[in-house]
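Visitor: Structure, please.
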Amino acid sequence: MEPRWTLPPRASLAETLAARMVEAMRAGELTPGERIIEATLAARFGVSRGPLREALKALEAEQLVERQPGHSPRVRSVSPDEAAQMVVMRAMLEGLAARLVAARCTPSILAELAAQHQRIRVAALGDRTSEWRDEDWRFHEMVCRHSGNEFLLRSWLSMSNLVRLFLHRHPAFEREGPEGSQAVLLNHDRLLGALASRDPDRAEAAFRDVILESGFSGLGVKPPPGIRA
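Guide: You can find the predicted model right below:
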């Protein structure tokens, strides 16, 4: 299985540290709202504070870490309102990405997405929860990359870590076993079918609706005015 968080081919020490801290957040070793003690982390990773501070600045830019003047940095917390806003933004971005992909969906693009869809299926049917979640996320990233719109991709990437680390740690998103895997398979059958149709309207609606439906159902809240889920 590929690493969950990939690094540039020649990652700097700061980039490596940032990736390791993201892993710690995903594993629950660094929790939302937790104060980050530089000396403790530097000792844990066996590094000086210089590259660690660079890594923390990078995570601040990704909104994974927040810092108040005169206080130590903390792992970013997400309020219910912010989580709902992220669901809407993700649905709009991926809906647009799907529209663009459907309009330019070559056989090679479709084959790549179908192969990724199969990886999700194999992991889900094997009840390998962590693995199918990772493969699911890769599928959505592939769609954004194939949109051909660099600004859309950058917007998606800028919020993807925050969405994945916090929104999907909400209890309702932590469904394991047959219920969770069956839901993701049904959704992805729908998404891949919409892209394969090469109908931009259908593809956009499918991605937007699946993300809104699953997102607001998981959060247990109603969508904001003007948004149907």
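Visitor: State the distance from the closest residue to I120 other than its chain neighbours to P51.
Guide: Ranked by CB to CB, 6 or more residues apart in numbering and with sequence neighbours excluded, the top spatial neighbour of I120 is E135, at 4.5 Å. From N, CA and C alone the C-beta is placed, and that goes for glycine too. For E135, the distance to P51 equals 31 Å [CB to CB, to the nearest Å].
Visitor: if you count what's nearby, which of these two comes out ahead?
Guide: A count of neighbours by other CB atoms under 10 Å puts E135 above the other of E135 and P51, at 23 against 18.
Visitor: Distance of that one relative to T31?
Guide: Using CB to CB, E135 is found at 25 Å from T31.
Visitor: Likewise for R145?
Guide: 31 Å.
Visitor: who has more neighbours, those two?
Guide: R145 (18 against 12).
Visitor: which element is the nearest residue to that one once chain neighbours are set aside on?
Guide: Leaving aside its sequence neighbours, R145 sits nearest to L153 (CB to CB, 6+ apart; 5.9 Å). Using DSSP states H and E, the element containing L153 is helix 150-166.
Visitor: Pull that helix out as CSV, backbone CA atoms only.
Guide: Output of helix 150-166 as CSV, limited to C-alpha atoms (Å, rounded to 0.1, in the frame of the first residue of the first chain):
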residue,chain,number,x,y,z
GLU,A,150,-5.0,24.3,-11.7
PHE,A,151,-6.8,26.9,-9.5
LEU,A,152,-9.5,24.5,-8.7
LEU,A,153,-7.0,21.8,-7.7
ARG,A,154,-5.0,24.3,-5.5
SER,A,155,-8.3,25.3,-3.8
TRP,A,156,-9.2,21.6,-3.2
LEU,A,157,-5.7,20.7,-1.9
SER,A,158,-5.6,23.7,0.4
MET,A,159,-8.6,22.5,2.3
SER,A,160,-8.2,18.7,1.8
ASN,A,161,-6.0,18.0,4.8
LEU,A,162,-8.2,20.0,7.1
VAL,A,163,-11.3,18.2,5.8
ARG,A,164,-9.8,14.8,6.1
LEU,A,165,-8.2,15.2,9.5
PHE,A,166,-11.1,16.8,11.3
